[in-house]
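Colleague: Provided below for reference: sequence and predicted model.
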Amino acid sequence: VSELKQLEKNIKDIMCYQAGYTELKNYSFVSGEIIEKLNKDQSDYIELKNPKAQDKPYLRRELIENLVEKTEQNLEQRESIALFETGKVFRKEQSGEYLTHKKEEQLPQQNLHFSAVFSKQSTDTTFFEIKSALEQVAERLNIELTYNKKNIDSEVYHPGRYGEIYTSGKMIGCITELHPLAQKEFDFEQRVAFFEIDLNKLLETKTEQEVYQKFSDYPAVTRDIAFVVDQEIEHKKLKQIIEQAKLVESVDLFDVYQGENIPEDKKNMAYHLTYRAEDRTLDSKEIDQIQQKIKQKLQEKFHAELRE
């Protein structure tokens with residue numbers, strides 16, 4: 001198995017078994033209608049002379065093109081979706097592999113991408129939810145990601161919620177929400193967040209020291225924790241403190257609330273904590289003790305007010 005295929009398999013395991021996302025397997029074809037709704041130029045796409053489906057004659061340039069179509073179909077029946085896909089994308093302006101060993105003619109670039117989409121009714125934490133899934137993957141793969149917030153002129157990506165994703169100084173993708181205009185095109189009544197990463201570029205940055213962490217054979221235990229902190233305290237700092245606790249496998253932000261019953265300069269933060277041991281099944285008493293230590297740390301460090 002190639003390194004790229006192994007990386008893809010590991011990502012699928014994490015997204016399915018830890019992050020709780022559903023994998024999609026789409027064909028590489030997209031319709032002119034989807035391209036138009038995303039306000040993209042059809043001339044940038046490779047058009048097939050004899051497409052399998054007459055209504056989808058183009059090869060995708062990004063996975064989000066297929067994912068947003070599935071989002072459109074699923075949100076008609078569900079209040080929330082959490083979907084992901086891995087697959088090739090096709091860029092005719094970038095050179096890929098040679099057609100023959102003579103190296104006379106090159107195919108278009110066909111890099112392997114990884115993308116996910118999240119949407120849920122009545123929540124303002126859509127962006128945090130999708131970022132949490134990405135960070136779970138990065139943590140498992142021992143990859144450090146950084147984000148460069150960027151204001152972009154686009155009718156696809158939200159101008160105030162767009163970030164470039166970097167690792168080892170190299171840009172490998174982006175994370176964002178759909179622009180309100182794009183949401184309107186698809187009749188989405190709620191926020192839709194997604195990320196997309198080029199796995200070929202990611203693999204180039206990985207070193208021999210970066211080892212995939214295998215899953216434990218013992219069950220995980222999940223607990224929730226909620227507290228009120230000053231508005232300016234960042235999620236990243238809170239998460240770092242929680243992650244320092246013994247046996248904490250993952251920390252996922254699922255709610256941020258400001259409003260009724262919360263002081264104006266404060267916010268309520270709520271997290272899912274996952275605990276797991278590599279050598280045994282955890283009992284409630286042990287988890288209670290760790291959870292209590294986390295609460296004490298948050299109170300000491302950030303003057304957090306715990307909520308039941």
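Modeller: Now that the structure is in, tell me what you want to look at.

Colleague: Kindly tell me how buried residue 182 is, as a neighbour count.
Modeller: As a burial measure, residue 182 scores 20 neighbours (other CB atoms under 10 Å). Quick note: C-beta positions are derived from backbone N, CA and C, even for glycine.

Colleague: What strand or helix carries it?
Modeller: Per DSSP states H and E: residue 182 is located in helix 180-185.

Colleague: how distant is that helix from the center of its chain?
Modeller: In terms of CA atoms, centre = their mean, to the nearest Å, the centre of helix 180-185 is found 21 Å from the chain centre.

Colleague: Helix or strand next in line after it, which one?
Modeller: Next in sequence after helix 180-185, counting helices and strands by DSSP H and E, comes strand 192-198.

Colleague: Quickly run through the sheet partners of that next one, with directions.
Modeller: Sheet pairing of strand 192-198 (DSSP bridges) gives strand 112-120 (antiparallel), strand 170-178 (antiparallel).

Colleague: Need the winner for burial among the ones you listed.
Modeller: Highest mean neighbour count of the strands paired with strand 192-198: strand 112-120, a mean of 25 (counted as mean count of other CB atoms under 10 Å).

Colleague: Average pLDDT for it, rounded please.
Modeller: Averaging pLDDT along strand 112-120 gives 95.

Colleague: Pull the helix or strand just after it out as PDB, backbone CA atoms only.
Modeller: Proceeding N to C from strand 112-120, the next assigned helix or strand is helix 126-140, under DSSP H and E. Extracted C-alpha coordinates of helix 126-140, given in PDB (Å, rounded to 0.1, in the frame of the first residue of the first chain):
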ATOM      1  CA  THR A 126     -20.900  25.500  12.500                       C
ATOM      2  CA  PHE A 127     -17.300  26.700  11.800                       C
ATOM      3  CA  PHE A 128     -16.000  25.400  15.100                       C
ATOM      4  CA  GLU A 129     -17.600  22.000  14.500                       C
ATOM      5  CA  ILE A 130     -15.900  21.500  11.200                       C
ATOM      6  CA  LYS A 131     -12.600  22.800  12.600                       C
ATOM      7  CA  SER A 132     -12.900  20.300  15.500                       C
ATOM      8  CA  ALA A 133     -13.200  17.400  13.100                       C
ATOM      9  CA  LEU A 134     -10.100  18.600  11.200                       C
ATOM     10  CA  GLU A 135      -8.200  19.000  14.400                       C
ATOM     11  CA  GLN A 136      -9.100  15.500  15.500                       C
ATOM     12  CA  VAL A 137      -7.500  14.200  12.300                       C
ATOM     13  CA  ALA A 138      -4.400  16.300  12.700                       C
ATOM     14  CA  GLU A 139      -4.000  15.200  16.300                       C
ATOM     15  CA  ARG A 140      -4.200  11.500  15.400                       C
END
